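In: Need coordinates for the below:
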Amino acid sequence: MAFNIRVYGILINDKQEVLLSDERRVGKEFTKFPGGGLELGEGIKDCLIREFDEELNLKIEVGELLYLTDFYQKSAFNEDDQIISIYYFVNTIEPQSIKTNSLPFDFEKDAIEAHRWKSLKNIVKEDLTFPIDQKVVEMLKRGGNEVYANRF
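Out: Residues are numbered from 1 along each chain as shown. As a prediction, the model looks like this:
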């Protein structure tokens, strides 16, 4: 068994919408928060900065830690891996520059990734595919505006 460390960013715009990532990999479609896997020799925050740059061509500021996985979760892609996910609030001065779609899985030709905003008021855990992301949605719903106001 190996540990697979994943780092994700919770980006909330001024309309109180959170950014989601719809992806297609190894024959599966799924929705998650933007972010990805920690590489050997990389710091956790550096990983998140790199992932946002690679996936969204977006410079971010990493804010407050929101959540670190506190339960066992087997990888959906490799049954020998245990997933450890880390979630930070992130901020950018240019959220309007993110190319987004309004519909889930609205991929451009040959694309494997698309992004969209989802209202925090209307998001439900079932909007995300993986159990850890679903727990984070519940935390965001429970947290209310005071959580978002104190994230930096």
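In: Run through the residues that contact Ala2.
Out: Contact analysis of Ala2 by Cβ atoms under 8 Å, 6 or more residues apart in numbering lists Asp80, Asp81, Gln82. Any C-beta I mention is one placed from the backbone N, CA and C, and that applies to glycine too.
In: which non-adjacent residue is nearest the last one?
Out: If the residues on either side of it in the chain are set aside, Gln82 comes closest to Phe3, at 5.5 Å by Cβ to Cβ, 6 or more residues apart in numbering.
In: The strand or helix carrying the one you found pairs with which strands, parallel or anti?
Out: Using DSSP states H and E, Phe3 falls within strand 2-11. Applying DSSP bridges, strand 2-11 is found paired with strand 35-37 (antiparallel), strand 81-91 (parallel).
In: Packed most tightly, which of those strands would that be?
Out: Ranked by mean neighbour count, these are led by strand 81-91 with a mean of 20 (mean count of other Cβ atoms under 10 Å).
In: tally of neighbours for Gln16?
Out: Residues near Gln16, counting by other Cβ atoms under 10 Å, number 12.
In: Could you do Asp127 as well?
Out: By other Cβ under 10 Å, neighbour count at Asp127 equals 15.
In: Before we move on, what's the pLDDT of it?
Out: Per-residue pLDDT puts Asp127 at 96.
In: thinking it is in contact with Asp22, fair?
Out: No - if you go by Cβ atoms under 8 Å, Asp127 and Asp22 don't touch, sitting 10.4 Å apart.
In: Need the overlap of contacts for those two.
Out: Thr31.
In: and Asn45, backbone torsions?
Out: One thing to correct before we go on: residue 45 is Lys, not Asn. With angles defined as degrees, to the nearest 10, Lys45 sits at phi -70, psi -40.
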